[in-house]
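Asks: got a predicted structure here, sequence first:
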Amino acid sequence: MPKAASTRITPRLTPLLLSLAPLLHAWLPRQRWFAGKGTPVTGFSPVSATELLPVDGGGLLHLLVRAHQNGTPGPGDCYQLLLGVHHTLPTRLAPAFIGRPQDGPLAGRAVYDALQDPRLAGLLLERLRTPGQLGTLRFDRALSTAIPAGLPPRRLDAEQSNSSLVYGDTFILKVFRRIHPGVNPDLELPLALARQHCSRVPAPVAWFEATDLDGTGEPATLGVLQPYLRGSEDGWQLALRALSAGSGFLAEARALGRATAEVHTALAAALPAVTLGRPQTRLLAAGMKDRLEAAARAVPALSPYVPGLRAAFEAVAGTPDDGHSLEAQRIHGDLHLGQTLRTPDGDWSVIDFEGEPARPLAERREPQPAVRDIAGMLRSFDYAAGTLPQALDSARAGETPSPWNAEWAAGCREAYCEGYAEASGTDPRSEPALLRAYETDKAVYEVLYEARHRPDWLPVPMAAVRRLALP
Ligand SMILES: Nc1ncnc2c1ncn2[C@@H]1O[C@H](COP(=O)(O)OP(=O)(O)O)[C@@H](O)[C@H]1O
Ligand SMILES: O=P(O)(O)O[C@H]1O[C@H](CO)[C@@H](O[C@H]2O[C@H](CO)[C@@H](O)[C@H](O)[C@H]2O)[C@H](O)[C@H]1O
């Protein structure tokens with residue numbers, strides 16, 4: 001690691017950070033949440049380092065580091081790490097082991113992923129209970145909800161873009177991994193929804209941020225604690241279970257449509273909504289075309305379908321003088337079945353308002369047509385129907401899904417739109433060109449996502465690409 005240039009790193013911690021670099025080199029790219037997979041890491045530079053517990057004993061180090069990668073423009077992605085330090089690592093923490101620095105103040109000590117250590121994860125909760133500043137970190141909370149001391153933590157297995165800890169089956173803490181300057185919509189939107197008394201989204205109870213990330217003066221959200229919906233199941237698991245059992249999912253899809261509409265209505269009331277005129281609509285379509293072209297460069301299998309898919313975007317750009325306008329508001333931004341939870345009493349909640357992690361934060365925080373979320377969910381019904389082993393086999397062979405699967409997905413898509421229309425008074429199907437454009441944009445995103453993260457699943461969005469590219 002190059003020498004720290006900022007006052008966010010005290011001289012005492014500088015040699016320690018230098019000695020950690022070789023460990024991070026091996027460990028960071030292997031993490032599920034590491035966004036720069038496939039491009040070698042060339043180095044790290046520290047952004048900030050804070051001892052939540054002095055590392056001289058058996059400590060907890062909070063670290064923000066930039067990972068530099070070959071051929072990647074810009075300053076490099078910034079990651080949040082919570083590192084434990086121990087003389088000897090107990091056997092139960094062996095899976096959390098990162099390495100032992102060869103030199104520097106931590107020479108020979110075990111450095112490990114602190115979120116897997118209940119003692120250190122407990123300490124993080126304790127910090128969240130007591131608002132205040134520690135170095136460049138600021139801890140805050142909604143005083144209306146009590147956070148009991150000593151809730152036992154457990155790490156959630158289903159690690160995606162971030163890491164989550166459940167405390168006593170009462171709260172869940174999401175620790176963001178890739179950090180951007182600015183408030184994360186996963187804090188901003190649930191707080192705004194709580195102000196609207198929208199019960200569809202668990203309200204943030206506490207959160208922490210880095211103050212003044214990179215000297216921009218802007219805070220960056222690092223983690224959010226919210227109520228844990230005990231015993232809930234996500235929409236993805238429920239949909240797959242229904243499909244495997246040969247059951248319908250229409251009532252659930254309709255209820256999900258209603259829940260989405262309630263969230264959209266509350267977001268439109270809470271935060272500024274705008275009208276997009278022709279120039280902005282054209283920009284929107286241009287963005288979709290750019291993403292398509294970039295995706296086709298990265299995944300050549302997309303190339304034959306580019307002209308057909310582009311037509312969907314051109315239909316939105318339309319003609320210059322038809323007085324066209326679009327309503328835009330804050331939306332979820334990455335809505336799919338896995339972002340919905342059904343509680344044991346049958347209510348649906350919506351989680352994870354971070355938006356598509358690969359997009360810049362400023363873009364994710366812009367008002368957008370609500371249809372974009374609808375399109376995301378419609379893709380998800382299609383995904384569920386295309387993911388059952390037999391459906392996946394036929395997709396891999398380039399065949400169309402079985403009539404039962406296609407019928408299941410089509411029924412859910414209709415029921416979802418009906419539920420949405422019932423609760424909001426606006427039927428998303430009344431804007432077919434926009435809906436199709438967003439569905440196409442999402443399928444293109446999914447092709448890139450699957451190529452990078454789950455190549456085995458690539459046939460699922462590719463089947464949609466083939467369908468959407470037809471005139
Ligand atoms: N409030 C909650 N109650 C119960 N489970 C939750 C809650 N929030 C998230 N989860 C569980 O944690 C998982 C990961 O959460 P998510 O916000 O989607 O994180 P990521 O950004 O890493 O994808 C979800 O799929 C869900 O199973
Ligand atoms: O959950 P994340 O916010 O990390 O979202 C990313 O990962 C999702 C997969 O976990 C991905 O969703 C795609 O796969 C889902 C099934 O696993 C499916 O329901 C979605 O429709 C499909 O888009 C999401 O796109 C990605 O951003």
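Replies: On my side now, so go ahead. This structure is a prediction, so every number in the text was calculated from the model and none was measured. Ligands and ions are numbered 1, 2, ... in the order given.
Asks: does the nearest residue to A298 once chain neighbours are set aside sit in a helix or strand, and which one?
Replies: Closest residue to A298 apart from its sequence neighbours, by Cβ to Cβ, 6 or more residues apart in numbering: L448 at 6.0 Å. Where C-beta positions appear, they are placed from N, C-alpha and C, glycine not excepted. Per DSSP states H and E, L448 falls inside helix 432-453.
Asks: A35 reaches Y449, doesn't it?
Replies: No. A35 lies out of contact with Y449 (Cβ atoms under 8 Å); the separation is 11.2 Å.
Asks: circling back to that earlier point, need the pLDDT of the residue nearest to A298.
Replies: L448 is assigned 93 on the pLDDT scale.
Asks: now for it: which residues touch it?
Replies: Residues in contact with L448 (Cβ atoms under 8 Å, 6 or more residues apart in numbering) are A295, A298, V299, A358.
Asks: H86 touches A110, doesn't it?
Replies: Yes. H86 lies in contact with A110 (Cβ under 8 Å); the separation is 4.8 Å.
Asks: any idea how far T42 is from P202?
Replies: P202 sits 40 Å away from T42, going by Cβ to Cβ, to the nearest Å.
Asks: so for those two, which sits in the more crowded spot?
Replies: Between P202 and T42, P202 has the larger neighbour count (other Cβ atoms under 10 Å), namely 21 against 13.
Asks: who does the residue nearest to L156 when sequence neighbours are not counted bridge with?
Replies: What sits nearest to L156 in space, not counting adjacent residues and going by Cβ to Cβ, 6+ apart, is S164, at 4.2 Å. Following DSSP bridges, S164 is listed with bridge partners K174.
Asks: give me every residue in the stretch 151-300 of the chain lying close to ligand 2.
Replies: Within the stretch 151-300 of the chain, the positions adjacent to ligand 2 are Q160, S161, W236 by Cβ under 6 Å from any ligand atom.
Asks: can you tell me the element the first one falls in?
Replies: What that stands for is Q160. For Q160, there is no helix or strand it lies in under DSSP H and E.
Asks: so how far is ligand 2 from L52?
Replies: According to Cβ to the nearest ligand atom, to the nearest Å, L52 and ligand 2 sit 26 Å apart.
Asks: and that residue, backbone torsions?
Replies: phi -80, psi -20 (degrees, to the nearest 10).
Asks: give me the secondary structure label for the single nearest residue of the stretch 251-400 of the chain relative to ligand 1.
Replies: Proximity of the stretch 251-400 of the chain to ligand 1 (Cβ to the nearest ligand atom) peaks at D352, 3.4 Å away. Three-state assignment for D352 (DSSP: H, G, I helix; E, B strand; the rest coil): coil.
Asks: L173 is in contact with the residue nearest to L156, correct?
Replies: Yes. Look at S164 against L173 with Cβ under 8 Å: they come within range, at 6.6 Å.
Asks: what's the closest of the contacts of L448 to V460?
Replies: Closest to V460 out of those is V299 (13.4 Å), distances taken as Cβ to Cβ.
Asks: look at the closest one and report its pLDDT.
Replies: 96.
Asks: SS state for the residue of the stretch 201-350 of the chain at minimum distance from ligand 1?
Replies: Nearest residue of the stretch 201-350 of the chain to ligand 1: L229, at 3.6 Å (Cβ to the nearest ligand atom). Here L229 takes the coil state, with states given by three-state DSSP.
Asks: quick one: it and D347 touch, right?
Replies: No. Under the criterion of Cβ under 8 Å, L229 makes no contact with D347, lying 9.1 Å away.
Asks: higher neighbour count, these two?
Replies: L229 (17 against 14).
Asks: among the contacts of L448, which one lies nearest to H264?
Replies: Closest approach between those and H264, by Cβ to Cβ: A358, at 23.1 Å.
Asks: show me what secondary structure element comes after the helix or strand bottoming out on mean pLDDT in the chain.
Replies: Least confident element among the helices and strands of the chain, by mean pLDDT, DSSP states H and E: helix 389-396 (a mean of 64). The helix or strand immediately downstream of helix 389-396 is helix 403-424, counting by DSSP H and E.
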